[in-house]
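Student: I need the structure of the sequence given here:
(chains A, B, C and D)
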There are 4 protein chains.
Amino acid sequence: MCAIVGVINSKDAAKTAYYGLFSMQHRGQEASGISSSYNHQIKTIKNRGLVTEVFNSASFEILQGQMAIGHNRYSTAGSDSVLDAQPVSAKYSLGEISIVHNGNLINKYEVRERLIEDGAIFQSNMDTENILHLIAKSKKENLQDRIIEALGQIVGAYCLLILSRSKMFVVRDPYGVRPLSIGRLKDGGYIVASESCAFDLVGATFVRDVAPGEMIVFEEGKSAFKSIELFEAKDPRLCAFEYIYFARPDSMIDGKNVYQIRKKLGEILADKSSCKADFVVPVPDSGVPAALGYAARSKIPFEMAIVRNHYVGRTFIEPTQEMRNLKVKLKLNPMSSVLKGKSIVVIDDSIVRGTTSKKIVELLRNAGAKEIHMKIAAPEIKHPCRYGIDTPSYEELISARMDAREVCKFIGADSLEFLSIDELTQGLGNERKYSLVSFDGDYFIS
Amino acid sequence: MCAIVGVINSKDAAKTAYYGLFSMQHRGQEASGISSSYNHQIKTIKNRGLVTEVFNSASFEILQGQMAIGHNRYSTAGSDSVLDAQPVSAKYSLGEISIVHNGNLINKYEVRERLIEDGAIFQSNMDTENILHLIAKSKKENLQDRIIEALGQIVGAYCLLILSRSKMFVVRDPYGVRPLSIGRLKDGGYIVASESCAFDLVGATFVRDVAPGEMIVFEEGKSAFKSIELFEAKDPRLCAFEYIYFARPDSMIDGKNVYQIRKKLGEILADKSSCKADFVVPVPDSGVPAALGYAARSKIPFEMAIVRNHYVGRTFIEPTQEMRNLKVKLKLNPMSSVLKGKSIVVIDDSIVRGTTSKKIVELLRNAGAKEIHMKIAAPEIKHPCRYGIDTPSYEELISARMDAREVCKFIGADSLEFLSIDELTQGLGNERKYSLVSFDGDYFIS
Amino acid sequence: MCAIVGVINSKDAAKTAYYGLFSMQHRGQEASGISSSYNHQIKTIKNRGLVTEVFNSASFEILQGQMAIGHNRYSTAGSDSVLDAQPVSAKYSLGEISIVHNGNLINKYEVRERLIEDGAIFQSNMDTENILHLIAKSKKENLQDRIIEALGQIVGAYCLLILSRSKMFVVRDPYGVRPLSIGRLKDGGYIVASESCAFDLVGATFVRDVAPGEMIVFEEGKSAFKSIELFEAKDPRLCAFEYIYFARPDSMIDGKNVYQIRKKLGEILADKSSCKADFVVPVPDSGVPAALGYAARSKIPFEMAIVRNHYVGRTFIEPTQEMRNLKVKLKLNPMSSVLKGKSIVVIDDSIVRGTTSKKIVELLRNAGAKEIHMKIAAPEIKHPCRYGIDTPSYEELISARMDAREVCKFIGADSLEFLSIDELTQGLGNERKYSLVSFDGDYFIS
Amino acid sequence: MCAIVGVINSKDAAKTAYYGLFSMQHRGQEASGISSSYNHQIKTIKNRGLVTEVFNSASFEILQGQMAIGHNRYSTAGSDSVLDAQPVSAKYSLGEISIVHNGNLINKYEVRERLIEDGAIFQSNMDTENILHLIAKSKKENLQDRIIEALGQIVGAYCLLILSRSKMFVVRDPYGVRPLSIGRLKDGGYIVASESCAFDLVGATFVRDVAPGEMIVFEEGKSAFKSIELFEAKDPRLCAFEYIYFARPDSMIDGKNVYQIRKKLGEILADKSSCKADFVVPVPDSGVPAALGYAARSKIPFEMAIVRNHYVGRTFIEPTQEMRNLKVKLKLNPMSSVLKGKSIVVIDDSIVRGTTSKKIVELLRNAGAKEIHMKIAAPEIKHPCRYGIDTPSYEELISARMDAREVCKFIGADSLEFLSIDELTQGLGNERKYSLVSFDGDYFIS
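Tutor: So this is what the prediction gives:
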């Protein structure tokens, strides 16, 4: 998970990219970076930290011009260096390029091994370097053909933005696993972003999604863009997790509003089985829409009985002995004056390891909840994702080891229900397929 | 508005104070500080920034001992110096003390002028320095009598914690305008805090509120505390704004859960007048509980149609020309896919200058809302508060200059309704009086 | 030891003060601060760190106006807080003042105790607060009379600058223990500084020293200044250590060039006793001038055989076990290719605890020096200074416990010689007396 | 100009490398970095700033193990990014390596172009990346053979350290232009460093210089090292500037003490021509040894009449209008009390652009010097260096455009003398040749 943004043919492109990254901060808080192309030179500023920490006014005196790409990096194990921040910029045989990338290459180790055997060096752990090498090694005469050749060797679920001195190339993988949309800026320029919430902040209007397998070529000074079918059309398989918990509720992903999808999933949960309760309580923030849907459909009153503290920073002082469950309590506080003696339906977006759910149930019990019926607005996660989401291995996934009844016991709830995979796809709209690997283990890209 | 916390007779008191301040970060983000008393010395660490920025592990090697007080400072004009952070510690004739303070002294200029004429020096702009001077100048033989004498000269709405080398004094003003509660820690120590949400995080149990006009004396090593009626009993007048928008919804203020009060105010709004609408939309986060109440009572569906971005930092890059209403848009994004063509009731907690409401209405219109009925879960703010809330002057308060109809026109809504003062007090519970100066101009302390 | 600077009636006074402080960084590296008076307001910026770390361009948008005072703080035990940085600014009965101070008040505890008993509070450990309080408590009608009254109650060795909204008061103690000079800026304004090297950098010309016991009053907009004999004339007693090692060699202190005085002391050392040696080696940097004097007079060649590393920062990584004498070695490296098998005269400015000298001798021996004759360009330090120098207590002063022969044995030199007190005063010029308390224990101020 | 250090088979190798870099801070202040090899992994920490700013205690919890290499980067135009800091670490076909490099590759553009055409990407502007690529592309079976093959394609003046998971390779170019020495640590390990002053600080003993064209291979756990004649023996051509001003005076470079060489050059200057003067004045610090030599030989007294301020930091406030020559004055202050009315010989190490010399002469005149005879302990710099020193282009080199008489007029001195090239080589010792390109334009590597 990461956020990418590209801006072209717009004044102060890097500033617009900055605001785009700001609105997609939820997709990655570890590092941030922007490259801009100006006066035949690509300049890059990147560092660890939030968007507002990495950039200041002086940054935009360096990042001039009408073309820029940017990236927010999600925290993953082992990526603690600024060298693992994006964009990655390099000089190569046709000049200079800069790349940002969201997603995961399935055959990265093979490609990397082959490149390394062929004499390449890798200075980071990022997939992005693979793509750079493939482009650099191609014998094709222009960048576009090289990108095509390079991506022909790559298998994976990804979105890419490639900035040269005069063009911006936009690519979405053949299955369209990761989202990517095009917006139009008020001054006639374009913005491309992982989520459409970026368009709202910068005042852009949604044009359309980039199609799976499509390459779009923007050129400096040209108001039209060119679309190329890079890969043969396949059944699109957008990652269901974008709807379940990645994306901001106000984003439109492949034509659907995330908030409304989440509400719908809550309604399906409500339809699924009756359950007497005093009220419905979401685990905030991501459980809120599904809980609203559940409450509306089940006619059980909705209460924001768990309060979330949004000031959570990065470093914490070791707690005193008396403070149990600190990590969850720093974020979530159930209100006993609302919960005392009540039967509740708790709506969360998913269960991964089960440890957080266990702590939430414990906090709810301590707050006096009498009965706790946990409803999850997603199916059981039984398989690790390999397409760009940082899910843990089989050993750590609780639903890979236990059935729902055992999980219920582990987390200490009175009942536990998940959506079935069919119910999920029904909620997402049956008309198209989704990437559901975490649920069904169908690794369709390999 | 500020947060104060005190911890006594508990291991690692400063750490507990740290977590208390962390949970009350919403009451002040400008500066933070903690003093601890240990080994006959008071040590203080304070600085500008969030709680998690001011303190690190090394801080707690300095802030040892079983007694500590802490403070979060709210940003007010002209207080840009670390010298204006609290606690304020000083050596005086009986040894050493440290003070934190939440609220406002009405007669501070008179007291300050008198003290200055009498030879005192003031190194900051804080009321706290006044109190320190009055204590230092008193001829009484012990600190307790001096505090009593000092506070006898002070008129205002405040809560105070005073730490000496072996005691902690807790004071709430005669009207109890600002909130203050006592909790019990698991190891037998006590915690005193502006809001009870601090107790939840550190695992303390609520004991009781400090009574208006009460002084409580905690002593190192003594498990009991002493209560003194410092001021004659008056009708208590808790600041209504604590319920309206200051406090965290999960706090209990003077025995009442803030979230439930806010929901109640929403219900009263719904009872007040019928209004056809497709759904009820809160201005998040503080408008959510009232909107839930309104929706439940009016049977109009509830939608979280405005999404809030919680990553708002402190410094922003100047926007491009294309970006209007940036400051509001950085926080709030209405979803057009939910709002398009709809009639909505929008619930907000209050209107101060009217400028933010105007921008919200504009954003809602741009998102396609057809009819916008604004409902405010508070009365019109017609008077500046002088009791500790940073409200602007008469000229800037829109309701001091315009009636509701004119305000409605200014903000561009289709209709606008406020609670009446009676409805507000009904919602808060008629059994006791509140500080309502911002609404009725009854400056009962002067 | 500290540095103070004042600038008046000069454009960008704070900037000139900044450069003055920069050139006097050697007098204090712990903290730095500047106050300026402009538009009837005194603004202060101060913090821990070097001059170049505390201030940036933005500082001088705040520190406007034609009047400014500044301070560099020397690191002393227990002063680790920004609250102990100067200037100290305060509001008092006649308005607002800011004070900087260099030196030591002998009766500070008595004065502080009296003030505290009288109801004052002290927020720092600085003498400066005493003076502020005395001024604030005075009943005199104007600041000048109050300063006079305040200083009448104070006994000590100090220089003071006091900035009000329209005046700058300059005071030197009756004995003139600490140095203070007046310079004239090119635009007609004045600068007052601890050392004249500040004048050189800002292009000011030396006017004269402030006389012992003199108060000088500068007024905004007036080109002339007023001199007042604040204290009756006494025999001046400038601190001999200013010449021995505090001051920069290029400063003129009370009419004498520090470098030339140090050279003279080296000549006297050479006259004192014959000593065969291959060459004369200074302990850099402060031993260099005396070593040049010694070499010139003794006709023994001079060699810079110990090299000093000037990049010494503040925090160091704990060394490995193999690295002995690290703290001295980080600064000083004797060259074995010069020293091997040689007899040398080593010139240092003083011996305080003896530990550094012992390590230097050990390093010289390891570098191959055959005979090491240590010559100290000062007498034995037998008494702690109480007049502003941070010398340790009797127990730590090696010459308070041992005679020169024993010290020689302790440090491992082949011979050791100090100047006698008479020789020192001869070198300083017999025509006037000096503060020699560290050598003779004559505490003339008490 | 840069500093490199390598440590092997020694406990806490990275810490020893840290102290080595600290002692060579004068060779580069822009950026610093260390890689260590431990547990089959290479870890790197690098950043902009001084050694003491880049590393802290936590750094050495990451940089574990018995093998480490480090680098100080000299500030050059355009290298403002952390991406241009060294070491450069990369994964390649034989595993992982890290490289540090001091010097300049003559054919870097050709090599880079060829590599790029062949499909390589370059992420920085550093020569080091060239070498990494050549090693990665080699088909040889082991790293040693690859390094040999890679360096066979490179022409230049350089020293290299290459760290693999179990070995450290040390290479000095065929002419030995840049210095590199081997020392032995007390625990039996080895240290390799640009200058021997690094050995003194860490308690290592000098073993020998790395020979021109030599490759040395250290292996983890093996106490002996292997020497390989990488390139055919050529006449060694050590860079004369190391003696003239780069190296610390306490370093031994190719068997000669830098301080003594500088003194010798001063003596030759004195022999060259008689010149009546009151005294000899060095431009500190680098002019001091030559001035001592000049004074000793000419019997003209030596005076440290220009005082240097060592607290010069990186950012400066724009000066006021009154302050001329600020940049030079911040560092150097001539003492008028010593200089007034005197005829002086001023000794400096070199003249590059002439602008600094002009300002020094102006400052000396303002301080009252009557006659100023400038003597330069080096020949005229008539050609840009291409072998690792950051000298400017022909247009900026004053001696490329003017003869000595014209330069003298330009800087405003009464006379000006340089060493001839023969005199320089005589001073350096005739027995071997030196790199003198800046003086004679003999670009012997091309």
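Student: and A:Y311, what is it in contact with?
Tutor: Taking C-beta atoms under 8 Å, 6 or more residues apart in numbering or on different chains, we find A:Y311 in contact with B:F22, B:Q25, B:H26, B:L50, B:V51, B:T52. In this view, the C-beta of every residue, glycine as well, is placed from N, C-alpha and C.
Student: Check A:D422 too.
Tutor: No contacts exist for A:D422 under C-beta under 8 Å, 6+ apart.
Student: Please tell me how far it sits from chain D.
Tutor: The gap separating A:D422 from chain D is 44 Å, by C-beta to the nearest C-beta, to the nearest Å.
Student: With A:V288 instead?
Tutor: From A:V288 to chain D the distance is 39 Å (C-beta to the nearest C-beta).
Student: That residue is in contact with A:P282, isn't it?
Tutor: Yes: applying C-beta atoms under 8 Å, one finds A:V288 in contact with A:P282, separated by 4.5 Å.
Student: now the contacts of A:Y311: which count as buried?
Tutor: Among these, those classed as buried by 16 or more other C-beta atoms under 10 Å in any protein chain shown are B:F22, B:Q25, B:H26, B:L50, B:V51, B:T52.
Student: if we can go back for a sec, how about the contacts of A:Y311, which pair is most distant?
Tutor: Greatest spatial distance among those (C-beta to C-beta): B:H26 and B:T52, at 13.7 Å.
Student: Just checking stretch A:277-296 against chain B, any contact.
Tutor: Yes: using C-beta under 8 Å from any C-beta of the partner chain, we find that stretch A:277-296 touches chain B at A:V288, A:P289, A:L292, A:A296.
Student: Likewise for stretch A:22-42?
Tutor: Yes: for stretch A:22-42, a contact with chain B is found by C-beta under 8 Å from any C-beta, at A:F22, A:S23, A:Q25, A:H26.
Student: nearest to chain B, of the residues you listed?
Tutor: Of all these, chain B sits closest to A:Q25, with 4.2 Å by C-beta to the nearest C-beta.
Student: Just the residues of stretch A:22-42 next to chain B: which are in helices?
Tutor: A:F22, A:S23 (DSSP state H).
Student: got the end-to-end distance for stretch A:175-189?
Tutor: Stretch A:175-189 has an end-to-end distance of 27 Å (criterion: C-alpha to C-alpha, to the nearest Å).
Student: List the buried residues of it.
Tutor: So for stretch A:175-189, counting by 16+ other C-beta under 10 Å, buried means A:Y175, A:G176, A:V177, A:R178, A:P179, A:L180, A:S181, A:I182, A:G183, A:L185, A:G189.
Student: which among these are in contact with chain D?
Tutor: Okay, of the buried residues of stretch A:175-189, nothing touches chain D (C-beta under 8 Å from any C-beta).
Student: ok, of the residues you listed, which one's closest to chain B?
Tutor: A:L185 (6.7 Å).
Student: Pretty sure that closest one sits against A:I8.
Tutor: No: assessed by C-beta under 8 Å, A:L185 is found out of contact with A:I8, at 9.3 Å.
Student: For the longest strand along chain A, C-alpha coordinates in PDB please.
Tutor: Criterion DSSP state E: the longest strand present in chain A is strand A:95-105. Listed next in PDB are the C-alpha coordinates belonging to strand A:95-105 (Å, rounded to 0.1, in the frame of the first residue of the first chain):
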ATOM      1  CA  GLY A  95      18.600  10.900 -20.400                       C
ATOM      2  CA  GLU A  96      16.900  11.100 -17.000                       C
ATOM      3  CA  ILE A  97      13.800   9.500 -15.500                       C
ATOM      4  CA  SER A  98      12.000   9.400 -12.200                       C
ATOM      5  CA  ILE A  99       9.600   6.600 -11.100                       C
ATOM      6  CA  VAL A 100       7.000   6.100  -8.500                       C
ATOM      7  CA  HIS A 101       5.200   2.900  -7.900                       C
ATOM      8  CA  ASN A 102       2.400   1.400  -5.900                       C
ATOM      9  CA  GLY A 103       1.900  -2.300  -5.700                       C
ATOM     10  CA  ASN A 104       3.900  -5.400  -5.800                       C
ATOM     11  CA  LEU A 105       5.900  -7.300  -8.500                       C
END
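Student: Which of the residues in the helix or strand following it are classified as buried?
Tutor: Using DSSP states H and E, the next helix or strand after strand A:95-105 towards the C-terminus is helix A:108-117. Going by neighbour count (16+ other C-beta under 10 Å), the buried part of helix A:108-117 is A:K108, A:V111, A:R112, A:L115, A:I116.
Student: Does anything pack onto helix A:108-117? Which helices or strands?
Tutor: When contacts are defined as 3 or more C-beta pairs under 8 Å, 6 or more residues apart in numbering or on different chains; DSSP states H and E, helix A:108-117 packs onto helix A:127-137.
Student: could you point out which element follows the helix it packs on?
Tutor: Criterion used, DSSP H and E; the element after helix A:127-137 is helix A:143-152.
Student: quick one: average pLDDT of stretch A:387-407?
Tutor: On average, the pLDDT along stretch A:387-407 is 91.
Student: What of stretch A:32-39?
Tutor: 96.
Student: And stretch A:157-173, by the same measure?
Tutor: 96.
Student: Please write out the alpha-carbon positions of that stretch in PDB.
Tutor: What follows is stretch A:157-173 as a C-alpha-only set of coordinates in PDB (Å, rounded to 0.1, in the frame of the first residue of the first chain):
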ATOM      1  CA  ALA A 157      -0.200  -5.800  -9.400                       C
ATOM      2  CA  TYR A 158       1.000  -2.300  -9.700                       C
ATOM      3  CA  CYS A 159       0.500   1.300 -10.800                       C
ATOM      4  CA  LEU A 160       3.400   3.300 -12.200                       C
ATOM      5  CA  LEU A 161       4.200   6.900 -13.000                       C
ATOM      6  CA  ILE A 162       7.300   7.600 -15.000                       C
ATOM      7  CA  LEU A 163       8.500  11.100 -15.500                       C
ATOM      8  CA  SER A 164      11.000  12.000 -18.200                       C
ATOM      9  CA  ARG A 165      12.200  15.500 -19.200                       C
ATOM     10  CA  SER A 166       9.100  16.100 -21.300                       C
ATOM     11  CA  LYS A 167       6.600  13.300 -20.700                       C
ATOM     12  CA  MET A 168       4.700  11.500 -18.000                       C
ATOM     13  CA  PHE A 169       3.800   7.800 -18.600                       C
ATOM     14  CA  VAL A 170       1.000   6.300 -16.500                       C
ATOM     15  CA  VAL A 171       0.600   2.500 -16.300                       C
ATOM     16  CA  ARG A 172      -1.900   0.300 -14.600                       C
ATOM     17  CA  ASP A 173      -1.300  -3.500 -14.400                       C
END
